[in-house]
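J.: Structure for this input, please:
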Amino acid sequence: MNSSDSKQIFLHSLFSTWHRKFFVLANFFLIIFAYHILRDLKDTVIVTSCDTGAKIIPFIKIWIMLPSAFLGGYLFQKLYKSFGRDKTFYIVVGSLSLFYLFFAFYLFPHRDSLHLDKTASYLESILPASFSGWTNMIRFWSFSLFYAFSEMWSILVISVLFWTNINEITPSSIAKRFFPLCIMVGNVAGVASGQISYLIGQLLCKNKGFEHSFQIMICVVVGVALLMMLFHRQVFHSLPRFSVEEKNKPSSDFKESLQNIWKKPELLSIAALVISFALTSNLFEVIWKNSIKTVHPLPSDYNGYINQTTTLIGVFSLLFSFLIPYLFRFLTQASILLITPIALLITSTLFFLFLQTPFFANLFHIPYPYFIMTFGSVHYILSLSAKYSLFDSCKEIAFLSVDAQDRAKAKSMIDTVGSRLGKSGSSLLHQMLLILFSSPVLYTHGTSFISICFMVILFMSAKKLGSLTFKAEAT
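T.: Numbers count the residues shown, from 1 in each chain. Predicted structure coming up:
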């Protein structure tokens, strides 16, 4: 019996108790719960800070988020080598929690005296009006920093810390059954997060202002972080770290991984799916979040609306998750792959059509801003719910058509670099459109055209991948 078999047997016996499974699921629930609170708060703080609204976000993602992601990844590697698995978890989660407290109880209350109004005003006097997103990013530097640190929760805590550690202790025989359960628990966390945030903001602190409710929500996040550290200790305390022999490690050469994706049609189609979805989602979000601000300009109202949207995403993700086994029973994987792109292509096309023609709002006797906000919310809820259930499930199954060694290298490349490339690409396109077209009408036309083009690419990639997987199943 080789060391790999011994490891699998040990992990299977270790993971067979519900005690350890409970703490893993509880930890994942808490991580996703805090993520949704932070995501809603960072959008509220940025979008409602000035007239530019969500147009600041593309500039933050390029000029602050992108360098922060590389720096965070570099520091994580240093910490992991120096302190190991458990201490790195405590240091990262603890450091992020301390910043959130510092922002909530010092930077946010003193925002008026700390923000760089004079510097931003000078830049506005020498730069064209189309650079307002960039100048406001500098003006509201503390808000931009909070946005970046909130995003780091997703990058470091969810993608790196949790899944890396869980993959280390979960035997392959259990993973296929246990990981979908984790996803469902994460969807439940989204529902709970949306409702608790709404309860704090709209009921408990309705008459005390957004700053008070913001501080309470950050305290909730920090309390959750402390529980996460406790549960992490329950799961990993006294467990050994398993090393993989060098000969069994897949090559992590960046150039080789790219060549491998380019040569294999299945991997190229998956990469196109991931990049197109990330790009179109981010292009749409800037316009939709500005439409919410038009209807709900106050931070407390904006955050309340976003909280309810988060709840609905969790509810529909759960419903779609329950439908997945029945869909795979009656439909082919090729057909299921097309469901998400077709639905999103239809709703995104309608959204941009409604955005440019108030006729449809008048037809339904609904005020134009409410109509755009509501239909945009339908598209947003549908797109993220489908992604968290149908889209991700089909993508993971499609990876199984590739041999194990190529799969490991390609999955790491596509899920990290591909997704970040799509988000950064959309931010660059937004900046180009904002700089080139100072007219809101031309900016909207350009965004609509590019977004629908990439939706078509998303559909074509899904169709191509479906045909490839169908051939693989047939042979």
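J.: how close does the residue minimising distance to the centre of the chain sit to Asp51?
T.: Centroid check for the chain by CA atoms, centre = their mean gives Ser154 as the closest residue, at 6.7 Å. Ser154 is 28 Å from Asp51, where distance means CB to CB, to the nearest Å. (Glycine included, C-beta is placed from N, CA and C.)
J.: Excluding chain neighbours, give the residue nearest to the residue nearest to the centre of the chain in space.
T.: Tyr35 (5.9 Å; CB to CB, 6 or more residues apart in numbering).
J.: cool, Phe371 as well?
T.: In this structure, Phe371 finds its nearest non-sequential neighbour in Ala361, 3.8 Å apart by CB to CB, 6+ apart.
J.: Check which residues of whichever strand or helix holds the one you found are buried.
T.: For Ala361, the host element (DSSP states H and E) is helix 359-363. For helix 359-363, the neighbour count (16 or more other CB atoms under 10 Å) marks Phe360, Ala361 as buried.
J.: And that helix, what does it pack against?
T.: helix 333-356, helix 368-386 (3 or more CB pairs under 8 Å, 6 or more residues apart in numbering; DSSP states H and E).
J.: Pull the residues that contact it.
T.: Outside of helix 359-363, the residues within contact range by CB atoms under 8 Å, 6 or more residues apart in numbering are Leu353, Phe354, Pro367, Tyr368, Tyr370, Phe371, Ile372.
J.: Could you rerun that using 10 Å?
T.: Contacts to helix 359-363, defined as CB atoms under 10 Å, 6 or more residues apart in numbering, come from residues Leu350, Leu353, Phe354, Ile366, Pro367, Tyr368, Pro369, Tyr370, Phe371, Ile372, Thr374, Phe375.
J.: do the same with stretch 187-195
T.: Contact partners of stretch 187-195, identified using CB under 10 Å, 6+ apart, comprise 25, 28-40, 217, 220-221, 224, 304, 306-321, 384-385, 388-389.
J.: if you set the cut-off to 8 Å instead, what comes out?
T.: 28-37, 40, 307-315, 317-318, 321, 388-389.
J.: Select only the buried ones of those in ChimeraX?
T.: Burial among these is assessed by 16+ other CB under 10 Å; the matching ChimeraX selection reads:
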select :28,29,30,31,32,33,34,35,36,37,40,307,308,309,310,311,312,313,314,315,317,318,321,388,389
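J.: per-residue confidence averaged over stretch 130-137?
T.: Across stretch 130-137, pLDDT averages out at 87.
J.: To clarify, my last question referred to stretch 104-117.
T.: For stretch 104-117, mean pLDDT is 94.
J.: in that stretch, what's buried?
T.: The neighbour-count check on stretch 104-117 (16+ other CB under 10 Å) flags Ala104, Leu107, Phe108, Arg111, His115 as buried.
J.: Stretch 128-141 too?
T.: Those buried within stretch 128-141 under the rule 16+ other CB under 10 Å are Ser130, Phe131, Ser132, Gly133, Trp134, Thr135, Asn136, Met137, Arg139, Phe140, Trp141.
J.: Can you tell me which of these end up in helices?
T.: Using DSSP state H, the subset of those located in helices is Ser132, Gly133, Trp134, Thr135, Asn136, Met137, Arg139, Trp141.
J.: Show me which of these is closest to Tyr80.
T.: Of all those, Tyr80 sits closest to Trp141, with 29.8 Å by CB to CB.
J.: Tell me the spacing between that closest one and Ile91.
T.: Plainly put, Trp141 is 25 Å away from Ile91 if you go by CB to CB.
J.: again with Pro180
T.: Going from Pro180 to Ile91 by CB to CB gives 31 Å.
J.: cool, Ser68 as well?
T.: Separation of Ser68 from Ile91 (CB to CB) stands at 17 Å.
J.: what do you get for Pro358?
T.: Taking CB to CB, one finds Pro358 at 53 Å from Ile91.
J.: Give me the residue ranges of this protein where confidence is low.
T.: Along the chain, segments meeting pLDDT under 70 span 1-18, 167-177, 179, 237-254, 257, 396-397, 399-413, 415-416, 438-439, 470-475.
J.: So Pro128 sits against Ile435, correct?
T.: Yes. At 7.4 Å, Pro128 and Ile435 qualify as touching, with contact defined as CB atoms under 8 Å.
J.: Which strand or helix spans His365?
T.: Per DSSP H and E, there is no helix or strand for His365.
J.: can you tell me how far it sits from Phe371?
T.: To Phe371, His365 is 10 Å away according to CB to CB.
J.: Ile31 too?
T.: Distance from Ile31 to Phe371, by CB to CB: 36 Å.
J.: No more questions from me, cheers.
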